[in-house]
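Engineer: attaching a predicted model along with its sequence, questions to come.
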Amino acid sequence: MPAILRPRALRPGDLVVVTALSGQLEPGEEPLLARGVAILERMGFRVRVSAAVDPARSRWWAAGTPAEQAAELNSLLRDPEVRAVVAHTGGQATVGYLDLIDLEAIRADPKPIVGYSDISLLHMALHARTGLVGFHADIATHGFGSDWYTLGDEARRTELVDLYTRVLTEPEAPGALPPQGAWESWRPGRAEGPLFGGLLNRLILLQATPFAPDAERFEGAVLFWEELQRPVSRIWNDLHTLRLSGVLDRIAGMVVGVPTEVTPHEGGGGRADLRDVVLDVLGERDIPVLAQVDFGHTSPNLPLPLGVRARVDADNRTLSLLEPAVAGR
């Protein structure tokens, strides 16, 4: 199992490239992208938008063929001027080019890759293969450029700009993450361990590939996940997949994000919501579960760096990063 590989800390003025790691830019989204770029500039970075982010460039549901998307990412990984890569959106495409990524370029010059949703598949796969700390965090177009405005106010934006800047530029433990609303304790307790996770259905998809994380990667880990547009019966099945693969017997804690269009079960056998199915699958396992945490498809995302040690305290409803996400330069 590879050791943790922290990207080098960014500096003010460093070049950050926004690119299409999965889906294409849809017509009419240009103003959201511009607003997202402005947020990254508020963090102190120079920003370049890749030519891949263009409504005219698309193939089916992606911004290009797998070979084209891998070539774009590899060029950024190999370019010493580029210090971070930010996904403009999520989508359905990253699984198509996992085997084409230049892993040696990552090992030689680790850089923050930032995004969530389909991008979480990329984070989990690269962490499993290289130990790279991936940043499960907002995307440029629908995150920085949309959710940060429609679901947050200027005070929250300022708080998040400060947090993201510290996480990406300071080789120090960021400490407690700031909630926007009340988090929920679904099972009490406290635990510490390295963060691992992302979009639940992408974690399940990854398990069927050569990029699946070793079982040891989950030993003592804090598993975080979110889901969207799924009935709770599907989530129940996915969580049982993790149970059967031994994941739930290894983790130390669980953090559940804000669900999006996750429908409860209504009908024979009574009603079941997301909390019900999570606790049902966990059974008697004595692990804390902190839920409704600010990450997912309906919330400005708190940055969750894979591999970084965290403390989940479901009793006091807090989540803290205990280690730096980046290495000193």
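Structural biologist: Yes, it's here.

Engineer: contacts only, for the residue most central in space within the chain.
Structural biologist: The centroid of the chain falls nearest to residue 136 when counting by C-alpha atoms, centre = their mean (2.2 Å). Residue 136 sits next to 115-116, 119-120, 123, 197-198, 224, 295, 301, 303-306 when contact means C-beta atoms under 8 Å, 6 or more residues apart in numbering. (C-beta placed from N, C-alpha, C; glycine too.)

Engineer: quick one: neighbours of the residue nearest to it when sequence neighbours are not counted, just the number.
Structural biologist: Leaving out its chain neighbours, the residue that sits closest to residue 136 by C-beta to C-beta, 6 or more residues apart in numbering is residue 304, at 4.3 Å. For residue 304, the neighbour count with other C-beta atoms under 10 Å is 30.

Engineer: ok, now residue 110?
Structural biologist: Other residues near residue 110 come to 20 when the count uses other C-beta under 10 Å.

Engineer: specify the beta-bridge partners of residue 47.
Structural biologist: In this entry, residue 47 is beta-bridged to residue 16, by DSSP bridges.

Engineer: that one and residue 16 touch, don't they?
Structural biologist: Yes - assessed by C-beta atoms under 8 Å, residue 47 is found in contact with residue 16 at 5.3 Å.

Engineer: list residues touching both of those two?
Structural biologist: Common neighbours of residue 47 and residue 16 (C-beta under 8 Å, 6+ apart) are residue 40.

Engineer: how about residue 299: what's its closest non-neighbour residue?
Structural biologist: Excluding its sequence neighbours, the residue lying closest to residue 299 (C-beta to C-beta, 6+ apart) is residue 258, at 4.6 Å.

Engineer: as a markdown table, the contacts of residue 136 with distance to residue 176, secondary structure and pLDDT would be great.
Structural biologist: A markdown table is the format used below for the contacts of residue 136 (distance: C-beta to C-beta, whole Å; DSSP: H, G, I helix; E, B strand; the rest coil; pLDDT from 0 to 100):
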| residue | distance to residue 176 | secondary structure | pLDDT |
| --- | --- | --- | --- |
| 115 | 23 | strand | 98 |
| 116 | 21 | coil | 98 |
| 119 | 25 | helix | 98 |
| 120 | 23 | helix | 98 |
| 123 | 22 | helix | 98 |
| 197 | 19 | strand | 98 |
| 198 | 22 | strand | 98 |
| 224 | 15 | strand | 98 |
| 295 | 15 | strand | 97 |
| 301 | 16 | coil | 97 |
| 303 | 13 | coil | 98 |
| 304 | 13 | strand | 98 |
| 305 | 15 | strand | 98 |
| 306 | 19 | coil | 98 |
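
Engineer: adding distance to residue 152, write these out as TSV.
Structural biologist: Output for those, formatted as TSV (distance: C-beta to C-beta, whole Å):
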residue	distance to residue 152
115	18
116	16
119	21
120	21
123	23
197	23
198	22
224	20
295	13
301	11
303	15
304	17
305	21
306	24
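
Engineer: now the buried members of those residues.
Structural biologist: Neighbour counting with 16 or more other C-beta atoms under 10 Å marks 115-116, 119-120, 123, 197-198, 224, 295, 301, 303-306 as buried within those.

Engineer: on that earlier part again, of the contacts of residue 136, closest to residue 325?
Structural biologist: residue 305 (3.8 Å; C-beta to C-beta).

Engineer: roughly how far does the residue nearest to the closest one when sequence neighbours are not counted sit from residue 123?
Structural biologist: Nearest residue to residue 305 in three dimensions, chain neighbours excluded: residue 325, at 3.8 Å (C-beta to C-beta, 6+ apart). Look at residue 325 and residue 123: by C-beta to C-beta, to the nearest Å, they are 12 Å apart.

Engineer: what is in contact with those two at once?
Structural biologist: residue 135.

Engineer: which SS state does the most far-flung residue of the chain relative to its centre fall under?
Structural biologist: If you look at how far each residue of the chain sits from its centre, by C-alpha atoms, centre = their mean, the farthest one is residue 268, at 35.5 Å. Following DSSP: H, G, I helix; E, B strand; the rest coil, we place residue 268 in the coil state.

Engineer: when you give positions from now on, start the count at 6
Structural biologist: Got it, first residue is 6 now, which makes that one residue 273.

Engineer: helix/strand/coil for residue 299?
Structural biologist: Recorded secondary structure, residue 299: strand (three-state DSSP).

Engineer: scratch that, residue 160
Structural biologist: At residue 160 the chain is in helix, as set by three-state DSSP.

Engineer: distance of it from residue 153?
Structural biologist: For residue 160, the distance to residue 153 - C-beta to C-beta - is 12 Å.

Engineer: so for these two, which sits in the more crowded spot?
Structural biologist: Taking neighbours as other C-beta under 10 Å, residue 160 and residue 153 compare with residue 153 leading, 22 against 8.
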